[in-house]
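Enquirer: When you get a sec, could you give me coordinates for this:
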Amino acid sequence: MRSYAPDVSAEGYTFTEIPGRGVIAEGKGERIVCGNAAFLASEGVAVKERSTSRSAVYLAKNGKFEGCVIVEDTVKDEAAAAIKELESCGIKTMMLTGDGPETAERVAALVGIDEYRASLLPEDKVSEVSRLLSQKKGKETVCFVGDGINDAPVLATADVGISMGGVGSDAAIEASDIVLMHDDLHSIPVARRIARRTIRIATENIVFALGVKAAVLVTSAFGITGMWLAVFADVGVAVLAILNSMRCLSAGKKSEVNKK
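Expert: Residues are numbered from 1 along each chain as shown. Model (predicted):
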């Protein structure tokens, strides 16, 4: 039996959370342990594991196994369509989860993900993402999407971290680069399209502005360019760059129409 520093106290009990493993409540002469089978085993409790495609949370009181609670997360309706859209763009998807292999396999089949890693602790997720970062080639980018407090370390590790603004924990939101305020997974491919379009437009503006200014500078050196062309190279180019940048707004509107 291990000793942990308590996190909070309530109604005569002190509660201690062990990230990725479970929770311990102590008080009133009782020690209640709640978590996965491996956690209870580390506490010296003989666990009768259940074979299920759902997640099982095991309970023990004063070192005696009491039973388990079967829980299941609801798969978002748009998850499968969002995964399919991402893969159609050439993006490889992988699921990293702390749930057991059977649960991970069932969810992966529902949303159309071929590769997954199950029974991962927070540090295991960080290790897996670090491995992907070390294996990426060229301009490849590793993006991680999560919403739990245990996802905060891996969100900070990935090239791009995306969290859910509605159901996501404060720690996950703080560690992420992008926050989906409406918790809609369709926003992920939408954000990708808008980002790519924004970068393309910014590149166009830079090349256009530098090209025009360089041309006017060279012609001015030979006395060919007049004052009005120089004004155009300064003010006119800035106006055209702003007008070109406004195309980013239409990209966002088109994405909202397509989503509806």
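Enquirer: Quick check, central residue of the protein?
Expert: Val145 (1.7 Å; Cα atoms, centre = their mean).
Enquirer: so Ile83 touches Ala109, yeah?
Expert: No: contact criterion Cβ atoms under 8 Å: Ile83 and Ala109 do not qualify, at 11.6 Å. All C-beta atoms are positioned from the backbone trio N, CA, C, and that covers glycine.
Enquirer: Of the two, which one has the most company?
Expert: Using other Cβ atoms under 10 Å as the criterion, Ile83 and Ala109 rank with Ile83 on top: 21 against 11.
Enquirer: if I look at that one, how far off is Ala108?
Expert: The gap separating Ile83 from Ala108 is 10 Å, by Cβ to Cβ, to the nearest Å.
Enquirer: again with Glu11
Expert: Taking Cβ to Cβ, one finds Glu11 at 40 Å from Ala108.
Enquirer: Longest helix in the protein, by number of residues?
Expert: If you go by DSSP state H, the chain has its longest helix at helix 187-221.
Enquirer: How about the secondary structure of the most far-flung residue of the chain relative to its centre?
Expert: In the chain, the greatest distance from the average C-alpha position (Cα atoms, centre = their mean) is reached by Gly223, at 56.6 Å. Under DSSP: H, G, I helix; E, B strand; the rest coil, Gly223 falls in the coil class.
Enquirer: neighbour-wise, which of Glu11 and Ala108 wins?
Expert: Ala108 (19 against 8).
Enquirer: Just to check, that one is in contact with Asp114?
Expert: Yes: Ala108 is within contact range of Asp114, at 7.3 Å (criterion: Cβ under 8 Å).
Enquirer: about what we covered before: distance check, the closest residue to the residue nearest to the centre of the chain other than its chain neighbours against Leu86.
Expert: Counting by Cβ to Cβ, 6 or more residues apart in numbering, Val145 lies nearest to Ile162, which is 4.5 Å off, once chain neighbours are set aside. Distance, Ile162 to Leu86, by Cβ to Cβ: 12 Å.
Enquirer: Now list whatever residues contact both of those two.
Expert: Here Ile162 and Leu86 have Ile188 as joint contacts, going by Cβ atoms under 8 Å, 6 or more residues apart in numbering.
Enquirer: neighbour count winner among the two?
Expert: Ile162 (22 against 17).
Enquirer: show me where pLDDT drops low in the stretch 101-250 of the chain?
Expert: Applying pLDDT under 70 to the stretch 101-250 of the chain flags residues 167-168.
Enquirer: what's around the nearest residue in space to Gly35 that is not next to it in sequence, how many residues?
Expert: What sits nearest to Gly35 in space, not counting adjacent residues and going by Cβ to Cβ, 6+ apart, is Gly22, at 1.7 Å. By the criterion of other Cβ under 10 Å, Gly22 has 22 neighbours.
Enquirer: Now do the contacts for Gly22.
Expert: The contact partners of Gly22, by Cβ under 8 Å, 6+ apart, come to Val33, Cys34, Gly35, Asn36, Phe39, Leu40, Val57.
Enquirer: what's the pLDDT at the third one?
Expert: pLDDT, the model's per-residue confidence, is 89 for Gly35.
Enquirer: Phi and psi next, for it.
Expert: With angles defined as degrees, to the nearest 10, Gly35 sits at phi 170, psi -160.
Enquirer: go on, the second one?
Expert: Dihedral angles phi and psi of Cys34 (degrees, to the nearest 10) take the values phi -140, psi 130.
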